[in-house]
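J.: quick check, what structure comes out for this input:
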Amino acid sequence: MSGPLAQQKVAQRALCLGALLMRESLEESVKLKTPSEGASTSELSGRLNSWLAKEGISNYLSPQEKDLVGKTLGSWTMEEIVASSWRTEALGVILWALSSIERIPPYDTKFSKPQILARIGLGVNASEFAAKTRQKPPQDVSRERNIAELWHWRARTSELQRNHFSPPAGWTFQQIIAQSAKQAYQSGLIPKLLDDDFSLFGKSYAILSEGEYHDAASISLERHFALNWLCGYSANWDETSTET
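T.: Residues are numbered from 1 along each chain as shown. As a prediction, the model looks like this:
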């Protein structure tokens, strides 16, 4: 792990993620045959590609992002659309780190994609965008990384339980979760406890519905991923680790 990343690099990553999400929205419109208002999806795709070339953003796309953006409009699979859509959480964290948004929502609340993309905007000047940002202090980013890792750990612990893995000898999963939740609460990393557990959606994590669990796990994964990258855990965006 290296140190915090330079502001210019973080701003470039925000623009790359913004471009990916803009393309994802176009793919979703094509796939779902959503009627367009104003410019057509093909016109918007052309404007997006021109912006990427003009501002040099294409140079900073990760290999996986280049592969997706380079595909013919309408050729993405639903799996690619869904996975890319979740990058809204990563972009939200990046924009928070650049002080473009005030706070990171609770871990049962998604970032709003329209509000997030409004912070960038198709055709924005890359240099002007970077100049208007102000990077958060490293200690603030590190604290948020610890919080994201903690929520991601809780999601993975539920996954282990759901897949009938055995806890460490001499422990139950309930005991491990209760101890971790208490320590996290006492450290101020989570806002409240409920039934000796983390609390989301107004209930104990242990009794989340399947949909609630999926959202919570995806939110924590994406935020953990972005924050690990911000803290220098990997020089390669695509290969950033999210071990817990």
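
J.: find the nearest non-adjacent residue to the residue sitting nearest the centre point of the chain, please.
T.: A centroid search over the chain (CA atoms, centre = their mean) returns Ala90, at 2.2 Å, as the residue closest to the centre. Residue nearest to Ala90 in three dimensions, not counting chain neighbours: Ala226, with 3.9 Å by CB to CB, 6 or more residues apart in numbering. Any C-beta I mention is one placed from the backbone N, CA and C, and that applies to glycine too.

J.: cool, Lys182 as well?
T.: Closest residue to Lys182 apart from its sequence neighbours, by CB to CB, 6+ apart: Leu193 at 6.9 Å.

J.: burial count for the one you found?
T.: Leu193 has 16 neighbours, counted by other CB atoms under 10 Å.

J.: now do Ser218
T.: Ser218 sits with 17 neighbouring residues when counted by other CB under 10 Å.

J.: so where do the strands sit in this protein?
T.: Along the chain, the segments classed as strands by DSSP state E run 199-200, 203-204.

J.: so where's this structure uncertain?
T.: For the chain, residues meeting the criterion pLDDT under 70 lie at 1-4, 35-38.

J.: please parse it into its domains.
T.: Split into domains by automatic domain parsing, the chain comes to 7-131, 138-239.

J.: how close does the most far-flung residue of the chain relative to its centre get to Ile176?
T.: Largest separation from the mean C-alpha position in the chain: Gly170, at 35.6 Å (CA atoms, centre = their mean). Distance of Gly170 to Ile176, computed by CB to CB, to the nearest Å: 11 Å.

J.: list the buried ones in stretch 108-123?
T.: Along stretch 108-123, these residues count as buried under the neighbour rule (16 or more other CB atoms under 10 Å): Asp108, Lys110, Phe111, Lys113, Ile116, Leu117, Arg119, Ile120.

J.: mind exporting that stretch as PDB, just the C-alpha atoms?
T.: The C-alpha coordinates for stretch 108-123 follow below in PDB (Å, rounded to 0.1, in the frame of the first residue of the first chain):
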ATOM      1  CA  ASP A 108     -28.700   1.400   3.700                       C
ATOM      2  CA  THR A 109     -29.000   4.400   1.300                       C
ATOM      3  CA  LYS A 110     -27.700   4.500  -2.200                       C
ATOM      4  CA  PHE A 111     -26.100   7.600  -3.800                       C
ATOM      5  CA  SER A 112     -28.500   9.100  -6.400                       C
ATOM      6  CA  LYS A 113     -27.100   8.500  -9.800                       C
ATOM      7  CA  PRO A 114     -28.800  11.700 -11.400                       C
ATOM      8  CA  GLN A 115     -27.500  13.800  -8.500                       C
ATOM      9  CA  ILE A 116     -24.000  12.300  -8.800                       C
ATOM     10  CA  LEU A 117     -23.700  12.700 -12.500                       C
ATOM     11  CA  ALA A 118     -25.000  16.300 -12.200                       C
ATOM     12  CA  ARG A 119     -21.700  17.000 -10.400                       C
ATOM     13  CA  ILE A 120     -19.800  16.200 -13.600                       C
ATOM     14  CA  GLY A 121     -22.000  16.700 -16.700                       C
ATOM     15  CA  LEU A 122     -21.400  15.600 -20.200                       C
ATOM     16  CA  GLY A 123     -18.900  17.800 -21.900                       C
END
